[in-house]
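Engineer: no letters, just coordinates:
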């Protein structure tokens, strides 16, 4: 017997299962359904690959709003096989054979892993934001790259001969690696670095002139091994140091030993 329309007033069960999570009697969830699967929505695939398979719409009766104003778009031409209006949760592995387009932030609780198996020279560490002063423009900056695990501070020192370092630097950086760049402001003051200690950079000027200069101070972190910038190998897995200390574009994280 064939029905054009079937109305289900409460719950719909397809199969033998009786999921208690949907409730019973007074606690049942009206309008809920349970399908044992597999279930196919849209164009059927050549083989069964999952409990739920969603393909492009194959129903010619389906009309959807045009993607481009003024264009005719039916369900067959709709670029999306699945659209979720609201939050979604994936509690297992998510595999995709194409791009993942993210309109906002991509947040991971652990490492973001790559299986490409090659060194990605184009993968740079960037941030991209709306331009702060030009309407309709964007601003993209990239992280500096160097053969050292450096940190830096910068600023301006005026009418004093000491640049105070952050308190945590004494436990964070190797003081033998500190380098200081000074740019006098307003006049040639012949400013030099007199000495460096754990808390400060001490300066000196000719004839005790008042000091006014910009500074830029670099130092290498000591909370880990020094970076080996050149090494013999075919992939990042050949790195002779401790790869656990780094996040590397193109590295086979999935074969790393935890």
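Structural biologist: Ah, there it is. Keep in mind that what you see is a predicted model, and the values were worked out from it rather than measured.
Engineer: can you give me the neighbour number for residue 144?
Structural biologist: 8 (other Cβ atoms under 10 Å). For every residue, glycine as well, the C-beta is placed using N, CA and C.
Engineer: just residue 205 next, same as before
Structural biologist: What residue 205 shows, counting by other Cβ under 10 Å, is a neighbour count of 18.
Engineer: could you check the distance from residue 104 over to residue 128?
Structural biologist: 12 Å (Cβ to Cβ, to the nearest Å).
Engineer: show me where the stretch 51-200 of the chain has helices.
Structural biologist: Taking DSSP state H, counting those that start in this stretch, the helices of the stretch 51-200 of the chain run over residues 169-172.
Engineer: and residue 104 and residue 128? Which one has more around it.
Structural biologist: residue 128 (9 against 5).
Engineer: what residues does stretch 165-184 touch?
Structural biologist: 148, 151, 153, 163, 191, 193, 196-201, 203, 212-223 (Cβ atoms under 8 Å, 6 or more residues apart in numbering).
Engineer: for it, buried residues please.
Structural biologist: Neighbour counts over stretch 165-184 (16 or more other Cβ atoms under 10 Å) mark 165, 169, 173, 178, 182 as buried.
Engineer: OK, contacts around residue 54?
Structural biologist: By Cβ under 8 Å, 6+ apart, the neighbours of residue 54 are 41-42, 81-82.
Engineer: between these, which has the most around it?
Structural biologist: residue 42 leads those on contacts (other Cβ under 10 Å) with 18 neighbours.
Engineer: would you confirm that that one contacts residue 80?
Structural biologist: No - contact criterion Cβ atoms under 8 Å: residue 42 and residue 80 do not qualify, at 10.6 Å.
Engineer: element containing residue 13?
Structural biologist: strand 12-14 (DSSP states H and E).
Engineer: helices or strands next to the following helix or strand past that strand in the packing?
Structural biologist: Downstream of strand 12-14, the first helix or strand assigned by DSSP H and E is strand 33-35. Judged by 3 or more Cβ pairs under 8 Å, 6 or more residues apart in numbering; DSSP states H and E, strand 33-35 is in contact with strand 12-14.
Engineer: grab the nearest non-local neighbour of residue 162.
Structural biologist: Closest residue to residue 162 apart from its sequence neighbours, by Cβ to Cβ, 6 or more residues apart in numbering: residue 200 at 4.9 Å.
Engineer: report the contact partners of that neighbour.
Structural biologist: 162-165.
Engineer: paired strands for the one helix or strand in the chain whose mean pLDDT sits lowest, with orientation please.
Structural biologist: Of all the helices and strands that make up the chain, strand 126-130 has the lowest average by mean pLDDT, DSSP states H and E, namely a mean of 75. Next to strand 126-130 in the sheet, as set by DSSP bridges, lie strand 138-142 (antiparallel).
Engineer: phi, psi of residue 245?
Structural biologist: phi -90, psi 0 (degrees, to the nearest 10).
Engineer: state the number of residues packed around it.
Structural biologist: If we define neighbours as other Cβ under 10 Å, then residue 245 has 12 of them.
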